[in-house]
Every structure is written in C-alpha cells, then in structure tokens.
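I would like the atomic coordinates for the input below:
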Amino acid sequence: MGRPANGNKRAYGVIKEHIGDNDIWVFGYGSLMWRPGFTYQEMRQARLQGYHRALCVYSHHYRGTPERPGLVLGLDRGGCCVGMAIRVAARDSEAVIDYLWQREMLNDVYLPKWLPVTTDKGKVDALCFVVRRDHEQYARGLSLEESARLVAQGYGDRG
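Got it, this is the predicted structure:
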C-alpha cells in the first residue's frame with residue numbers, strides 16, 4: 001500500500017502496521033455512520049470511552065473556506081461517544097484506509113488511532129480519527145452562539 005499524498009507520514013505508518021490478515025474496524029461518530037463511502041461487512045452500535053463528539057473543527061474544505069470557515073464534528077478528549085463500529089473485510093482494508101486517509105486527513109487536523117470500542121458483542125479495536133488540539137483548525141472554547149453562527153454559514157463540497 002502506498003502512502004497517500006496528504007497526511008502525516010508517521011501516523012500513516014502506525015495505521016498501516018495494524019493491517020494484517022484479519023478484518024479491521026472503523027469507528028464512525030458523524031457522517032461515517034450514514035455515509036461511510038466504502039464497502040463493509042457489518043455495522044454495530046459502539047461506545048468509545050475517553051472521547052466525546054464535539055463541534056470543534058474549523059472546516060476549510062468540506063463546509064467552508066479559510067476565509068469563511070464552517071464548523072464540523074470531531075472526537076475531542078474526555079467523556080464518551082456512542083457511534084458505530086464498522087467492520088471491513090481484510091481484503092478491502094488497504095483500500096478503505098487509503099480512502100479514509102483522503103477523506104479525513106486533508107489538513108492533518110485529526111490523529112488516527114486504534115482505540116478500543118465496546119459493542120454489544122464485546123470490545124474491538126477500531127480506527128478512530130481524534131482531533132489534534134495543537135492544530136490551527138481546532139476550535140477551542142467557542143460560545144454556543146459562535147458555534148451556531150459557524151455551522152449556519154458553512155458551505156462547501158459536502159454541504
């Protein structure tokens with residue numbers, strides 16, 4: 001598998017090392033739940049401890065521009081998040097990771113990690129994209145009014 005043009009090289013290596021002969025799991029907490037964009041074998045409700053869903057990422061591409069950013073969901077530290085664990089067949093895992101890298105790692109605002117998520121059939125390690133708090137697109141401490149304004153003004157390739 002070749003490294004995609006965008007994204008952190010070290011993080012890509014960590015993700016690539018996890019690929020083997022077994023199926024992989026991806027954790028969806030936003031649009032991946034209703035529009036994964038890839039072939040999967042199974043989808044289960046899952047809970048991720050230690051991170052919560054938050055409107056905490058300035059969007060310069062999918063929902064805005066650098067001059068007029070939108071605001072999108074990210075997984076931020078603390079709490080928990082209920083989402084979906086998506087099982088990908090081993091034969092498709094490289095292609096799915098390449099696709100996710102292009103989709104989620106445009107600006108390196110996320111850090112991909114393998115984290116345990118709990119499903120009704122037990123725990124699985126899932127690929128999660130958590131927000132990088134040191135990134136310029138991390139939206140820290142916005143008021144409800146400012147968040148609503150940014151969401152409302154959001155316009156771009158995905159809405």
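
This structure: strands as residue ranges?
Counting by DSSP state E, the chain has strands at residues 24-28, 42-59, 70-88, 110-119, 122-131.

Turn the ones you listed into a markdown table, columns for distance to Leu142.
In this view, the C-beta of every residue, glycine as well, is placed from N, C-alpha and C. Output for the strands of the chain, formatted as a markdown table (distance: least, CB to CB, whole Å):
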| stretch | distance to Leu142 |
| --- | --- |
| strand 24-28 | 24 |
| strand 42-59 | 8 |
| strand 70-88 | 8 |
| strand 110-119 | 18 |
| strand 122-131 | 13 |
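
and of the ones you listed, who's closest to Val151?
Taking CB to CB, strand 70-88 is the member of these nearest to Val151, at 5.1 Å.

Once you drop chain neighbours, what's closest to the spatially most central residue of the chain?
In the chain, the residue lying closest to the centroid (CA atoms, centre = their mean) is Phe129, at 3.6 Å. Excluding the flanking residues, the one nearest Phe129 by CB to CB, 6 or more residues apart in numbering is Tyr110, at 3.9 Å.

these two touch, right, the one you found and Glu104?
Yes - between Tyr110 and Glu104 there is a contact at 5.5 Å, judged by CB atoms under 8 Å.

quick one: Gln45 from Ile24, how far?
Applying CB to CB, to the nearest Å, the value for Gln45 to Ile24 is 18 Å.

For the two, work out which one has more neighbours and name it.
Ile24 (24 against 13; other CB atoms under 10 Å).
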